[in-house]
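1. here's my sequence, what's the structure:
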Amino acid sequence: MPETVEGRWSEIFQPRYASVTLILCLGVSLLAFNSFVATVSLPTAVQELGGVALISWAVTLFLVFAIVGGSGAALLKQRLGARAGLLLSAGVFLVGTLIAAYAGSMPMVLVGRALQGLGEGVVAAICFALIPELFPSRLVPKVFGMQAMIWAVAAFGGPAVAGLLTELVSWRAAFAFSVPLVLIFAVMVVFVVPAHNTDAGRKIQFPGLRLCTIGLGIMLVALAGLAPPLPASGLLALAGLLLVAAVWLDGKSRDRLMPPDAFRPVSVVGTGLWMSLLINVAGSGSAVYLVLVVQQMWGFGATLAGALAAVLAVAWSFSAITVANVRRKETRKTLIRLGPAMIGFGLALVLAGLLLDQIGVVIAGQLLIGGGFGTCNGYLNLAMMEAASDAERDRTSSLMPTTQSAGNAIGAALAGVAANMAGMASAVSAAEIKIAVAPVYGVGIAMALLALLAALRTTSLVRPQDASSSFAAG
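-> Alright, predicted model coming up:
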């Protein structure tokens, strides 16, 4: 295997790849913009419809159903083919969007959000699975760089668009913003995405028990973030047992949802999935609490606090685009190891800035956290794609965004437990808030250290022959 890998940015915009690149970017934009739009518009929806107690469930149900949908995406693609799978899931997302936009009550909004999550989970997973199918290995870092840029644009543009639509038209218009995007996406899928499927003639058993086990496990994780400390610990323990059981059941099934070495520390795929899970667990606590804390302690308005949070997305995008030009294989392995270290150090800086009331230190920490994700994420995903066999690449690739979402859910729950145990709910003064938020970042730093261990293990398992598959030869 050569020690360097060629690949130019211009290639992903050439006729052979341009339409595929656009489809993948649209798939990511559906999730990115919808996430920020919902955050901004839901409070206004609650004011009109009532049901303030249900507002957190609008986010929880979306996340749970997105993870369930993503878990089953590889089997759906295997049975129906990528084109039909994407069209079906885009249709589910569209129906959910329309239900949420025209809902007459909060329970109907929840139904719409659940369908949105289910559809988007499948879309994101199949889009990931299409990357090694439609792009050669040398261009994959560029594709992930483009996706990171979409998230950065959404981090700034999403809240602004949602805010304007909500204020000038209505919250319903903000929800309906996704409709033209999903329609354009569906039309392009018809003309660009391959229609073939590998198992059209073989009956595939519906994995209902496994999907329900995964869904219930993630639901308990979400509930743990809202519960008092003692019940929350029990919920997290039960959720962990359910998720382990889901992986075990999947390994015994003929029609697996996951690759056979998923989360087993004996392969690049197994340890890579652990690293992917852990870095997202590490970062999500800060994502949940930073905006709230700077508003309460420093009196920041929503716009300024949101901009501080968006610094992370910009750093992620910039670093992902920058490192996409790295050619040496050994340097790429170094970047995989560097990412978790940057995330852990960045979290420590953010905590120090909050404790010392230094906004500059917080910004520096945000830049490091975002830079850490952008530095390692693309090459970690590429390493897993290359290490997977041709037969397992669909399952491996589609599990990546699902694992990231699960990490965010688990991290938010752990952060909630840590904050509640430290008295965040009753904290009023700046001193009390600082005491309460410290454990949130302590948990994040610990998870980043575990992710670093997983990164060291992953890169030690990477072998030259991992890149000898038909995908890498592209």
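2. please make it C-alpha for all contacts and neighbour counts, starting now.
-> Fine.
3. any low-confidence regions in this protein?
-> Applying pLDDT under 70 to the predicted model, the residue ranges of the chain that meet it are 1-7, 53, 196-204, 465-474.
4. elements contacting the longest helix anywhere in it?
-> Determined from DSSP state H, the single longest helix within the chain is helix 15-49. In this structure, helix 15-49 packs against helix 55-80, helix 106-134, helix 140-168, helix 171-176, helix 178-192, with contacts taken as 3 or more CA pairs under 8 Å, 6 or more residues apart in numbering; DSSP states H and E.
5. now do the buried residues in it.
-> By neighbour count on 16 or more other CA atoms under 10 Å, the buried set for helix 15-49 is 17, 19-38, 40-42, 45-46.
6. closest to Gly378 out of the helices and strands packed on helix 15-49?
-> Closest to Gly378 of the helices and strands packed on helix 15-49, according to CA to CA: helix 140-168, at 5.5 Å.
7. just the buried residues of the closest one, please?
-> By neighbour count with 16+ other CA under 10 Å, helix 140-168 contains the buried residues 140-156, 158-163, 165-166.
8. re earlier: let's have the helices and strands packed on helix 15-49 in JSON lines, adding distance to Val288.
-> Formatted as JSON lines, these follow (distance: least, CA to CA, whole Å):
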{"stretch": "helix 55-80", "distance to Val288": "12"}
{"stretch": "helix 106-134", "distance to Val288": "19"}
{"stretch": "helix 140-168", "distance to Val288": "14"}
{"stretch": "helix 171-176", "distance to Val288": "22"}
{"stretch": "helix 178-192", "distance to Val288": "24"}
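9. mind checking those helices for the one nearest to Arg457?
-> Proximity to Arg457 (CA to CA) singles out helix 140-168 among the helices and strands packed on helix 15-49, at 21.3 Å.
10. near the residue lying closest to Pro141 once chain neighbours are set aside, how many other residues are there?
-> For Pro141, ignoring the flanking residues on the chain, the nearest one in space by CA to CA, 6 or more residues apart in numbering is Ala324 at 4.9 Å. Using other CA atoms under 10 Å, the number of residues around Ala324 comes to 25.
11. now do the contacts for Ala324.
-> Neighbour list for Ala324: Pro141, Lys142, Gly145, Gly378 [criterion: CA atoms under 8 Å, 6 or more residues apart in numbering].
12. cool, and Pro259?
-> Listed by CA under 8 Å, 6+ apart, the contact set of Pro259 reads Glu392, Arg395, Thr396.
13. from those, which is closest to Ser405?
-> Once CA to CA is applied, the member of these that ends up nearest Ser405 is Thr396, at 14.9 Å.
14. from Val269, how far off is that closest one?
-> Thr396 sits 7 Å away from Val269, going by CA to CA, to the nearest Å.
15. which neighbours do these two share?
-> Going by CA under 8 Å, 6+ apart, residues that sit against Thr396 and also against Val269 are Met384, Met385, Ala388.
16. in a markdown table: the residues you listed, plus neighbour count.
-> A markdown table is the format used below for those (neighbours: other CA atoms under 10 Å):
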| residue | neighbour count |
| --- | --- |
| Met384 | 24 |
| Met385 | 31 |
| Ala388 | 24 |
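17. from those, which ones fall inside helices?
-> Here DSSP H is the test, and those give Met384, Met385 as lying in helices.
18. give the buried residues for the strand or helix carrying Glu432.
-> Counting by DSSP states H and E, the element that carries Glu432 is helix 430-461. For helix 430-461, a neighbour-count test (16+ other CA under 10 Å) marks 430, 433-445, 447-459, 461 as buried.
19. quick one, what contacts Ala313?
-> Going by CA under 8 Å, 6+ apart, Ala313 touches Ala148, Trp151, Ala152, Ala155, Gly370.
20. change it to 10 Å
-> 148-156, 307, 319, 366-367, 369-371, 373-374 (CA atoms under 10 Å, 6 or more residues apart in numbering).
21. and if you look at Gln404?
-> With contacts defined as CA under 10 Å, 6+ apart, Gln404 is in contact with Ile67, Leu273, Trp274, Met275, Ser276, Leu277, Leu278, Ile279, Asn280, Val281, Ile410.
22. distance check, the fourth one against Ile369.
-> Just to be clear, that refers to Met275. Met275 is 15 Å from Ile369, where distance means CA to CA.
23. now do the helices in the stretch 201-350 of the chain.
-> Ranges of helices within the stretch 201-350 of the chain are 208-224, 229-252, 268-298, 302-323, 329-356, based on DSSP state H, counting those that start in this stretch.
24. most tightly packed of these?
-> Counting by mean count of other CA atoms under 10 Å, helix 268-298 has the highest mean neighbour count of the helices of the stretch 201-350 of the chain, with a mean of 24.
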